[in-house]
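# model the following, please.
(one chain, ligands or ions: 2)
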Amino acid sequence: MDKIILVKTVMTSNKGGKIPAAKTILHKNRFMLNRVRNMSIQWYPGHMVKTKRQIIDSLKLIDVVIELFDARIPDSSKNPDIDELIGNKQRVVLLNKCEMADENITKEWIKRYKDMGISALDVDSITGRNINRVYTLVKESVKEHFEKRVEKGIVGRPVRALVLGIPNVGKSTFINKISSKSSAKTGDKPGVTRSKQWIKVNKDFELLDTPGILWPKFDDEKVALHLAFIRAIKDEILDPEELAVKLIEELVSLKPEALKDRYKIDLNTDAFEVLKNIGRKRGCIVSGGEVNTVRAANLLLDDFRSGRLGRLSLEKPQI
Ligand SMILES: Nc1nc2c(ncn2[C@@H]2O[C@H](COP(=O)(O)OP(=O)(O)OP(=O)(O)O)[C@@H](O)[C@H]2O)c(=O)[nH]1
Ligand SMILES: [Mg+2]
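Ligands and ions are numbered 1, 2, ... in the order given. The predicted model follows:
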């Protein structure tokens, strides 16, 4: 196992506060870069701890939780803390970005949730796929709860849903799509939403947007890598070459044609060499003819994240 030392220098301002990500120095043994290694990824910044507290405070205001997973990685994008956090609140699961995932595998996931008695729907908040079915599902999930309210004489209040999920899963985009507004700020990186915000879908339905949250420790490296691949973890703390090598390794075993079709390259070599070949094909060359592997890595990650490698599901439901 080779060694990678990622040294992140954190400068301290004269007020004593930390200036994050001031400089990242990578000491890498390039000779060993083509070997499989363990990446240690952790990202649990203070704003997520604060959001968790806000979520607990909001629970008394809401009837149902809409939990978004990324359809490409439904297991890894499920925050293990959420079950405990929301207790026995009604829940609707949405597999978002479904048009980037393998359609048949997504169907298997939906069936799995239904078998477990969880209301679930595959949606795409860009194309709008199934978005018009979400309200019906939400209404069904709170029907009993609202009937009890009517019995108690409480009427005339809209259904209120709390939208939860990991960073960058598409919570704000989903809210904008279903409400046909652009009230919620969105962006292709984690941590765009910084505070909670109520958005009215119609007179009967209100949604609470929240900042994405992760959990304090990823016990499984694969989970951390999957989250990093889909950009739920901020790129600034990651090494793009390492991440790209891991993605190549996974794609080669899962769906090699995704790489072959896009880059027309030979995959019968180790993952770092594949990365170099991608760089060569795509003109990521520095003076002297060497491949700029950082550029090649970013290009590959960008292609994967934008769906240019085709529809890919990295996780299947376990039998
Ligand atoms: N292809 C595709 N892209 C999506 C979908 N939903 C969201 N996106 C994109 O994913 C990125 C993140 O979307 P946001 O809505 O900002 O994600 P978020 O969950 O609110 O993120 P935080 O506020 O950081 O927690 C944006 O670039 C969106 O355009 C989807 O269903 N399909
Ligand atoms: Mg957001």
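
# hang on, isn't residue 158 packed against residue 207?
No: using Cβ atoms under 8 Å, residue 158 is not in contact with residue 207; the gap is 9.9 Å. Just so you know, the C-beta spots here come from the backbone N, C-alpha and C atoms, and that holds for glycine as well.

# so what secondary structure elements neighbour the helix or strand in which residue 227 is found?
For residue 227, the host element (DSSP states H and E) is helix 221-229. Where contact means 3 or more Cβ pairs under 8 Å, 6 or more residues apart in numbering; DSSP states H and E, helix 221-229 is packed against helix 240-254, helix 293-305.

# for residue 198, the count of nearby residues, please.
Burial measure for residue 198: 13 neighbouring residues, criterion other Cβ atoms under 10 Å.

# figure out how far whichever strand or helix holds residue 106 is from the centre of its chain.
The secondary structure element spanning residue 106 is helix 103-115 (assigned by DSSP H and E). Mean C-alpha position of helix 103-115 versus that of the full chain (Cα atoms, centre = their mean, to the nearest Å) differs by 19 Å.

# now stretch 211-224
With Cα atoms, centre = their mean as the basis, stretch 211-224 stands 10 Å off its chain's centre.

# and whatever helix or strand residue 147 lives in, does that touch ligand 1?
Here residue 147, judged by DSSP H and E, is contained in helix 134-151. No: contact check for helix 134-151 against ligand 1, using Cβ under 6 Å from any ligand atom: none in range, with a minimum separation of 12.3 Å.

# in that helix, what counts as buried?
When neighbours are counted by 16 or more other Cβ atoms under 10 Å, the buried residues of helix 134-151 are found to be 134, 135, 137, 138, 141, 142.

# distance between it and the chain's centre?
With Cα atoms, centre = their mean as the basis, the mean position of helix 134-151 lies at 29 Å from the chain mean.

# which other helices and strands contact it?
Using 3+ Cβ pairs under 8 Å, 6+ apart, helix 134-151 sits against strand 64-70, strand 90-96, strand 119-122, strand 159-165.

# can you put those strands in TSV and add mean pLDDT?
Supplementary listing: the helices and strands packed on helix 134-151 in TSV, determined by pLDDT from 0 to 100:
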stretch	mean pLDDT
strand 64-70	98
strand 90-96	98
strand 119-122	98
strand 159-165	98
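
# redo the ones you listed as a markdown table? Include distance to ligand 1 and mean neighbour count.
Output for the helices and strands packed on helix 134-151, formatted as a markdown table (distance: least, Cβ to the nearest ligand atom, whole Å; neighbours: other Cβ atoms under 10 Å):
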| stretch | distance to ligand 1 | mean neighbour count |
| --- | --- | --- |
| strand 64-70 | 7 | 25 |
| strand 90-96 | 5 | 24 |
| strand 119-122 | 10 | 20 |
| strand 159-165 | 6 | 23 |
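
# what about residue 156, how many residues close to it?
Residue 156 is flanked by 8 other residues according to other Cβ under 10 Å.

# in which helix or strand would I find it?
Under the assignment given by DSSP H and E, residue 156 is not contained in any helix or strand.

# how long is stretch 55-75 from one end to the other?
Start to finish, the residues bounding stretch 55-75 are 22 Å apart (Cα to Cα, to the nearest Å).

# is ligand 2 within reach of that stretch?
No: for stretch 55-75 and ligand 2, the contact criterion (Cβ under 5 Å from the ion) is not met; the two come no nearer than 10.1 Å.

# next: stretch 120-137.
No: for stretch 120-137, no contact with ligand 2 is found by Cβ under 5 Å from the ion; the gap never falls below 11.1 Å.

# check the separation of the first and last residues in that stretch.
Span of stretch 120-137 from end to end, Cα to Cα: 8 Å.

# who touches that stretch?
For stretch 120-137, the surrounding residues in contact (Cβ atoms under 8 Å, 6 or more residues apart in numbering) are 66, 71, 92-99, 101, 106-107, 109-110, 113-114, 119, 170, 173-174, 176-178, 201, 205.

# please repeat the previous calculation with a cut-off of 6 Å.
With Cβ atoms under 6 Å, 6 or more residues apart in numbering as the test, stretch 120-137 has contacts from 92-96, 98-99, 106, 110, 113, 119, 170, 173-174, 177-178, 205.

# then stretch 227-247?
21, 39, 43, 70, 76, 166-168, 190, 225, 271-272, 275, 293-294, 297-298, 300-301, 305.

# repeat that for stretch 293-302.
Under the criterion Cβ under 6 Å, 6+ apart, external residues in contact with stretch 293-302 comprise 240, 241, 244, 275, 278, 279, 282, 284.
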